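>>> I'll drop the sequence and a predicted model, then ask my questions.
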Amino acid sequence: MIDLSTTYLGIGLRTPLIPSASPLTEDLGNIRKMEDAGAAAVVLHSLFEEQIRQDRDELLTHLSRGTESNAEALTYFPEPPAFHVGPEHYLENIRKITDAVDIPIIASLNGSTMGNWTSYARLMEEAGASAIELNIYWIPTSLHLTGTEVEKIYLDIVEAVKSKVTIPVAVKVSPFFTNFANMAARLDTAGADGLVLFNRFFQPDIDVETLEVRPNILLSTPMAMRVPLRWIALLHGRITASLAATGGIHRPTDVVKMLMAGADATMLCSALLRHGIPYLSVLERGVRDWMDQHEYQSVSQLKGSLSQTNCPDPSAFERAQYMRAIASSGY
């Protein structure tokens, strides 16, 4: 019997297959279908810093409305329905989902600045989340902000969230640091229980007819997995944090490759949007078949077998591979 179990963020999982944050994970019905299709855990859609700030601003507006009209108004509060806004719905959604399914539910908190929004991490834990995925999505544009200052902001956010919860915190970041290996080690030291590699920067597009700048979201392709595969292979065995791969995982062999590189979990979004939630069972069956054909008995046997520390040619993940690729292409 092939054992697909793995451990991610200290949580034992039946398989490495986890649907990542997306519109699919907003709905309880979808999450039930994911559990039935074999999802080992689910990352909920993101709660954004901006939503929390808006919620706080609206609350202050309601509390202050009419307070100058007369003395009795100083004790006036709006009717409860006025407070039913995004963040509260998110927390209620965690409660409903965790009551309805047996798999771990990972809440997603998305932000880029220091502030009281990080206190929602504790509320997510209280609502029943098994872990938190902290997605720091940020494109620094200031001409005066240094790389050192940018990195400090990331680390400060991680430490702020970690100080508020006892459940594990995974940090989802981009690869765009001067030395990502150093940044990964510092996030590890700052308390990150896991790293999710990598988030995608959705690039804007220009509509030449309407003269508008518009978002243009494209589903990933297997080519997108090359960057996380390389960095997971480089980091496996060198930091204590769990490693999750996301981006470009569409086929059973994509899952196998990420595990060989050293991933503890593989996260899926575009593949499920393209093929539907039942595709989870197709991926699981494909991974089992591949392992059976190649005589692997467990994910633990597979995991990290071709990371840099275990690869017959460690230089393949660095500059030497670049030179070989150029030479073999005939350029």
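Perfect, I can see it now.
>>> so which strand or helix has I18?
I18 is part of strand 17-19, with elements assigned from DSSP states H and E.
>>> mind checking how far that strand is from the chain centre?
11 Å (C-alpha atoms, centre = their mean, to the nearest Å).
>>> outside of that strand, which residues touch it?
For strand 17-19, the external contacting residues (C-beta atoms under 8 Å, 6 or more residues apart in numbering) are 8, 25, 34, 38-43, 106, 244, 255, 265-269, 272, 277, 280, 283-284. Every residue, glycine included, has its C-beta placed from N, CA and C.
>>> Direction included, what does it pair up with?
Paired strands of strand 17-19, with direction, are strand 265-268 (parallel) (DSSP bridges).
>>> Quick check: beta-bridge partners of T6?
For T6, the beta-bridge partners are L13 (DSSP bridges).
>>> How about the contacts made by it?
So T6 contacts 12-13, 15-16, 40, 264-265, 299-300, 303 (C-beta under 8 Å, 6+ apart).
>>> number of nearby residues for T166?
Neighbourhood size, T166 [other C-beta atoms under 10 Å]: 8.
>>> so it makes contact with M124?
No - with contact defined as C-beta atoms under 8 Å, T166 does not count as touching M124 (11.8 Å).
>>> quick one, what contacts H275?
Shown in contact with H275 (C-beta under 8 Å, 6+ apart): V282.
>>> Of the contacts of T6, which is the nearest to G191?
Set against G191, the nearest of the contacts of T6 by C-beta to C-beta is D264 (17.4 Å).
>>> List the contacts of that closest one.
Going by C-beta under 8 Å, 6+ apart, the list of residues near D264 reads 6-8, 16, 194, 242-244, 303.
>>> what about it, distance to H236?
From D264 across to H236, the span is 9 Å (C-beta to C-beta, to the nearest Å).
>>> hey, what's in contact with both of the two?
The contact sets of D264 and H236 overlap at L243 (C-beta under 8 Å, 6+ apart).
>>> so L134 touches P168, yeah?
No - at 10.6 Å, L134 does not count as touching P168 under the criterion of C-beta under 8 Å.
>>> Name the residue in those two with the higher neighbour count.
A count of neighbours by other C-beta under 10 Å puts L134 above the other of L134 and P168, at 27 against 23.
>>> so that one, which of the three states?
Judged by DSSP: H, G, I helix; E, B strand; the rest coil, the three-state class of L134 is strand.
>>> gap between it and P252?
Separation of L134 from P252 (C-beta to C-beta) stands at 29 Å.
>>> which strands and helices sit next to the helix or strand E35 falls within?
Per DSSP H and E, E35 falls inside helix 28-37. Counting contacts by 3 or more C-beta pairs under 8 Å, 6 or more residues apart in numbering; DSSP states H and E, helix 28-37 packs against strand 42-48, helix 86-100, helix 279-293.
>>> distance between the shortest one and the chain's centre?
Spelled out, that is strand 42-48. Offset of strand 42-48 from its chain centre (C-alpha atoms, centre = their mean): 8 Å.
>>> now the second one
Distance of helix 86-100 from the chain centroid (C-alpha atoms, centre = their mean) equals 18 Å.
>>> ok, now stretch 175-194?
On the basis of C-alpha atoms, centre = their mean, stretch 175-194 sits 15 Å off its chain's mean C-alpha point.
>>> now do stretch 127-138
For stretch 127-138 - counting by C-alpha atoms, centre = their mean - the centre lies 8 Å from the chain centre.
>>> end-to-end on that stretch?
The first residue of stretch 127-138 is 27 Å away from its last residue (C-alpha to C-alpha, to the nearest Å).
>>> Okay, buried residues for it please.
For stretch 127-138, a neighbour-count test (16 or more other C-beta atoms under 10 Å) marks 127-138 as buried.
>>> swap in stretch 163-182?
Quick answer for stretch 163-182 (16+ other C-beta under 10 Å): 164-165, 167-174, 177, 180.
>>> Next step: the residues you listed restricted to helices.
Members of the buried residues of stretch 163-182 lying in helices (criterion: DSSP state H): F180.
>>> Going by distance to R200, which of the buried residues of stretch 163-182 wins?
Closest to R200 out of the buried residues of stretch 163-182 is S174 (8.2 Å), distances taken as C-beta to C-beta.
>>> measure that closest one to D205 for me?
Using C-beta to C-beta, we find S174 at a distance of 20 Å from D205.
>>> just the buried members of the contacts of T6?
Buried among the contacts of T6 (16+ other C-beta under 10 Å): 13, 15-16, 40, 264-265, 299, 303.
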